[in-house]
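In: sequence plus predicted model, see below.
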Amino acid sequence: MCDTSLATELFTGTEKRIFAKNSDREPNEAQLILHSPKQNHPKGSFVQCTFISIPEIETTNEVFLSKPFHMWGAEMGVNEYGLAIGNEAVFTKFKIKKQNDGLTGMDLLRLALERCRTAKDALGLITELLETYGQDACGGFENRSFFYHNSFIIADRSEGFVLETVDRLWVAKPISKFYAISNGLTIGSDYTLSSENMEDKAIRSGYWKKGKDFSFKEAFSDWFFTKMGHCQNRRLLHESNANTSYKKNGSYTARNAMDVLRSHAVADSEFEVSSASMSSLCLHATGVLTPNQTNGSLVVEWNTSAKSNDPLRVWYTGTSTPCLSVFKPFFFGTMTISSPCALNPENIDDTSLWFQHEKIARRANFDYQTVRAIIVPETKPMESQLFAYTNDGLTESKKNEVQTKALTDHLELIRKCEEELKSRNIGKSKWSSPIFQTYWQKQNRKIKIKL
């Protein structure tokens, strides 16, 4: 489950436009930040995606991706030209053969970021690849029967599109002001672009009656799984909180977008993980009814002014639970991230940022309010200081310095807070429901976290 939005300058009230996404995955599905430089490839070579290989192109772009550690594709990302994309699982009536002979939504996203410069080009490439290879590909980690179709928000400095798909069929429309998507189809008859003969194919497949005004979401949405995902609740929460931020401040900023991604279905002062539901944007897993948690978050800010010398800002958490984390800046043209930042969780017993933060997140499962009271007073000033640094024009060497220091400082903050939580025995002694307790004890054993 995921949530993605684009706020254009017509919504923000400034020269800025803002992309935001939470990536919700299985609790132990670590998500790494991959910084891949511009690369040249041999003529006639192929790229191995998650399940299939396809022809490679001569040169691929520099990208920053947030991706589940076990797959080739990415949940969200940005490239050197300021193209940003996020995808969502959507549940449809189309039967998926489950043969893993297509591209995942994450593959489509990464391929577009590596190969395209603009949102319009990315929309064209994703739909071309979709029609050529299809999307019969498992999107799960431990759940190997988790197959789904995909929707996307695709944006750059001047344009944005929402793209929704069913099998090899698709519709799209431009985003003019603010648009949020969750895990359900949203486009009815108001699309401006579509796959060829789509309505006829829907009628021939028995999903629509001839003579009736066509609606993509009504024709193809699977009612049960769309409802169970609470996507409408999350989409409304996303829109409502963004609007509230705008009305309160007279504008909508990257920091507002970060706070929106941290939103729960109830006030933070009332929130406890054991009673969490799929209705929150910042998702916390509880078991069967809420099987996912937010495993990574991204905010992208463009300056649309032609006079801007530094038009792009990229902020990732690199961790789960953004309500307990820090959005950190990442810059193109910098050195590839390496130790001691350790953003590559290759195994379940490592020292990566994602796994180190998870120790705090897992304690918060059993005493959220106490953990939050300890960590948020540390994370807020750190994030504010990072914004102060990056509001100024930065030299290339300064970008390297700020990027690396933000990561190492966050790791140190985590270690400091974890020591305090351990010394006070917080996050392991507070009893919750037996089902919830058993669920998280099992999840913690799998990745060798001891509280």
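Out: Looks like it arrived, so ask away.

In: got the CA positions of the lowest-mean-pLDDT helix or strand in the chain in PDB?
Out: Sorting the helices and strands of the chain by mean pLDDT, DSSP states H and E puts helix 223-228 at the bottom, at a mean of 80. Extracted as PDB, the C-alpha positions of helix 223-228 are listed here (Å, rounded to 0.1, in the frame of the first residue of the first chain):
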ATOM      1  CA  TRP A 223     -14.400  -3.700  -5.100                       C
ATOM      2  CA  PHE A 224     -13.300  -6.000  -2.300                       C
ATOM      3  CA  PHE A 225      -9.500  -5.400  -2.300                       C
ATOM      4  CA  THR A 226      -9.900  -1.700  -3.000                       C
ATOM      5  CA  LYS A 227     -12.200  -1.400  -0.100                       C
ATOM      6  CA  MET A 228     -10.000  -3.400   2.300                       C
END
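
In: can you give me how far it is from the chain middle?
Out: How far helix 223-228 lies from its chain's middle: 21 Å, per C-alpha atoms, centre = their mean, to the nearest Å.

In: likewise stretch 309-322?
Out: A distance of 11 Å separates the centroid of the chain from that of stretch 309-322, by C-alpha atoms, centre = their mean.

In: what of stretch 156-168?
Out: Offset of stretch 156-168 from its chain centre (C-alpha atoms, centre = their mean): 15 Å.

In: equivalent analysis for stretch 129-140, please.
Out: Here stretch 129-140 is found 19 Å from its chain centre; the criterion is C-alpha atoms, centre = their mean.

In: and for stretch 99-116?
Out: Taking C-alpha atoms, centre = their mean, one finds stretch 99-116 lying 15 Å from the centre of the chain it belongs to.

In: same check, this time on stretch 142-161
Out: The offset between the C-alpha centroid of stretch 142-161 and the centroid of the whole chain comes to 9 Å, using C-alpha atoms, centre = their mean.

In: same deal with stretch 303-315?
Out: In terms of C-alpha atoms, centre = their mean, the centre of stretch 303-315 is found 22 Å from the chain centre.

In: of all the residues in that stretch, which ones are buried?
Out: Neighbour counts using 16 or more other C-beta atoms under 10 Å place 303, 311-315 of stretch 303-315 among the buried residues. Where C-beta positions appear, they are placed from N, C-alpha and C, glycine not excepted.

In: report the buried residues of stretch 99-107.
Out: Taking 16+ other C-beta under 10 Å as the neighbour-count basis, stretch 99-107 is seen to contain the buried residues 102-107.

In: pull the most distant pair out of those.
Out: By the measure C-beta to C-beta, the buried residues of stretch 99-107 have their two most distant members at Gly102 and Met106, which lie 12.1 Å apart.

In: keep only those of the buried residues of stretch 99-107 that are in helices.
Out: Secondary structure from DSSP state H places 105-107 of the buried residues of stretch 99-107 in helices.

In: tell me the one among the residues you listed nearest to Glu239.
Out: Gly105 (22.7 Å).

In: how much space between the residue nearest to that closest one when sequence neighbours are not counted and Ile181?
Out: Distance criterion C-beta to C-beta, 6 or more residues apart in numbering; nearest residue to Gly105, sequence neighbours excluded, is Asn150 at 3.2 Å. Here Asn150 is placed at a distance of 10 Å from Ile181 (C-beta to C-beta, to the nearest Å).

In: what do you get for Glu29?
Out: The separation that Glu29 has from Ile181, given C-beta to C-beta, amounts to 21 Å.
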